[in-house]
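Student: Provided below are the primary sequence and the corresponding predicted coordinates.
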Amino acid sequence: MVPDEVLRGDAGTATHRGKIALVPLANLACSNEIDQFLQPMLKAGRKEVHAAIENILEAWPGRSRAELWTRLRQLRYHGSKASNGRIDWDQEDLEILRTQYGHGRAGASEAIKKILARHPGRSARSIWHKAARLGVSNGSGKPRPWSREEQGILLWNVGEKPVEKIARKLGRTVKAVRQMMSSRGLSSKVRIPKDYSLHRVARLLGVSDSVVRVWFRKGLFGESANPGRQRDGSRSGPRVSAAALAAFCRKYPDKVNTRQCHPDLWLVMGDESVPPNAWYGPRQHLTKKRRCPGCQRVVRGNAYFRHVKRCISRVPP
């Protein structure tokens with residue numbers, strides 16, 4: 001009998017016996033004992049899987065860790081295919097998808113919650129895929145391409161209007177407009193005009209044109225930004241520089257109607273802010289209170305001057 005340790009050939013050279021090849025785990029029956037150890041580990045953590053593999057190596061010393069990991073991945077793959085293949089969608093599930101997905105993202109989340117409550121074994125991803133196959137998914141899908149006309153509108157308005165206003169004009173989201181501006185190397189910063197007409201100043205301040213013209217005649221805005229052109233009538237009227245408008249807002253914050261002022265006013269002011277105030281239009285003088293030097297009575301608005309003239313308790317000068 002030839003010893004197990006050494007086999008002798010015809011030439012008399014000694015050769016070592018090769019390692020006995022084991023039957024691959026994939027070719028064994030799925031009900032073998034090793035799979036019984038691996039089946040509970042399909043959804044377990046890495047530490048639990050390592051402990052189970054060490055126990056298997058102690059019971060079956062001829063196996064290797066790589067072989068056991070390969071078998072575990074095979075079981076996971078076939079298990080996922082089997083679970084996906086067993087999903088049955090009844091009419092009630094389909095009705096939930098069609099009804100809830102019509103209400104936007106909130107409805108889609110509600111549909112997923114209801115279906116998972118009815119079928120705990122399913123996953124949210126399978127519900128998303130089913131909604132996409134039914135054509136009721138509210139996902140954005142492929143982005144809508146930009147036409148040459150839309151790009152022209154964007155290039156015309158960039159720097160002149162805020163991004164939000166451009167998005168409303170194009171019927172697109174602010175994110176889509178910003179992405180297109182970034183791809184074209186454009187900045188979303190709005191260029192501030194150097195001067196404004198009195199009508200534009202009235203819109204910025206949220207007041208009437210007549211009030212702004214009175215303030216301009218009183219010199220509250222300083223000198224006109226176009227004194228030479230104003231004489232030849234090339235423009236519609238006097239203009240107020242952006243610096244003069246910002247100085248006016250800083251000096252007279254009570255004359256700014258913060259409730260109805262235009263958002264572009266904050267671009268003129270930069271980082272500065274105007275405190276909110278109550279605006280009464282023609283009765284704006286009522287916001288001021290003065291104390292009579294004679295009777296010490298507090299009078300509101302322009303009535304103070306009439307009261308002072310008629311006050312019998314006024315101390316003579």
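Tutor: Arrived safely, thanks for sending.
Student: Name whatever forms a beta bridge with R300.
Tutor: Assessed by DSSP bridges, R300 has beta-bridge partners K289.
Student: List the residues that contact it.
Tutor: 286, 288-289 (Cβ atoms under 8 Å, 6 or more residues apart in numbering). Quick note: C-beta positions are derived from backbone N, CA and C, even for glycine.
Student: for the stretch 151-300 of the chain, which spans come out with low pLDDT?
Tutor: Residue ranges of the stretch 151-300 of the chain with pLDDT under 70: 192, 225-236, 270-271, 278-282, 284.
Student: so G104 is in which element?
Tutor: When elements are assigned from DSSP states H and E, G104 belongs to helix 104-118.
Student: Run through who's touching that helix.
Tutor: Residues from elsewhere that reach helix 104-118, judged by Cβ under 8 Å, 6+ apart: 92-93, 96-97, 99-101, 103, 122, 124, 127, 131, 137-138.
Student: List buried residues within these.
Tutor: Neighbour-count burial (16 or more other Cβ atoms under 10 Å) applied to the contacts of helix 104-118 gives 93, 96-97, 100-101, 122, 127, 131, 137.
Student: Check the contacts of R300 against K169 and report the nearest one.
Tutor: In terms of Cβ to Cβ, no member of the contacts of R300 lies closer to K169 than L286, at 40.4 Å.
Student: Make sure that closest one is actually in contact with G301.
Tutor: Yes: taking Cβ atoms under 8 Å as the definition, L286 is a contact partner of G301 at 4.2 Å.
Student: For the two, indicate the residue with more neighbours.
Tutor: G301 (16 against 13; other Cβ atoms under 10 Å).
Student: so who does that one touch?
Tutor: Contacts for G301 (Cβ under 8 Å, 6+ apart) come out as 283, 285-288.
Student: and if we set it to 7 Å?
Tutor: By Cβ atoms under 7 Å, 6 or more residues apart in numbering, the contact list for G301 reads 285-286, 288.
Student: try C261
Tutor: The neighbours of C261, taking Cβ under 7 Å, 6+ apart as the test, are 204-206.
Student: Give me the buried entries from those.
Tutor: Buried members of the contacts of C261, scored by 16+ other Cβ under 10 Å, are 204-205.
Student: okay if I get the contacts of C261 as TSV plus distance to G222 and secondary structure?
Tutor: Formatted as TSV, those follow (distance: Cβ to Cβ, whole Å; DSSP: H, G, I helix; E, B strand; the rest coil):
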residue	distance to G222	secondary structure
L204	16	helix
L205	15	helix
G206	21	coil
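Student: and which of the contacts of C261 is nearest to S147?
Tutor: Closest approach between the contacts of C261 and S147, by Cβ to Cβ: L204, at 33.7 Å.
Student: The closest one contacts P263, correct?
Tutor: No: using Cβ atoms under 7 Å, L204 is not in contact with P263, being 9.3 Å away.
Student: so how far is W266 from V177?
Tutor: Here V177 is placed at a distance of 20 Å from W266 (Cβ to Cβ, to the nearest Å).
Student: where exactly do the helices run in the stretch 1-150 of the chain?
Tutor: Per DSSP state H, counting those that start in this stretch, the stretch 1-150 of the chain carries helices over the ranges 33-38, 46-59, 65-85, 91-100, 104-118, 124-134, 148-157.
Student: Please identify the buried residues of the fifth one?
Tutor: It stands for helix 104-118. Buried-residue list, helix 104-118, by 16+ other Cβ under 10 Å: 107-108, 111-112, 114-115.
Student: Next, format those as TSV and append pLDDT.
Tutor: Formatted as TSV, the buried residues of helix 104-118 follow (pLDDT from 0 to 100):
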residue	pLDDT
G107	80
A108	83
A111	86
I112	87
K114	89
I115	88
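Student: Could you dump those residues into CSV and include distance to E33?
Tutor: CSV is the format used below for the buried residues of helix 104-118 (distance: Cβ to Cβ, whole Å):
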residue, distance to E33
G107, 49
A108, 45
A111, 43
I112, 39
K114, 42
I115, 38
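Student: any idea which of those residues is closest to D254?
Tutor: G107 (48.5 Å).
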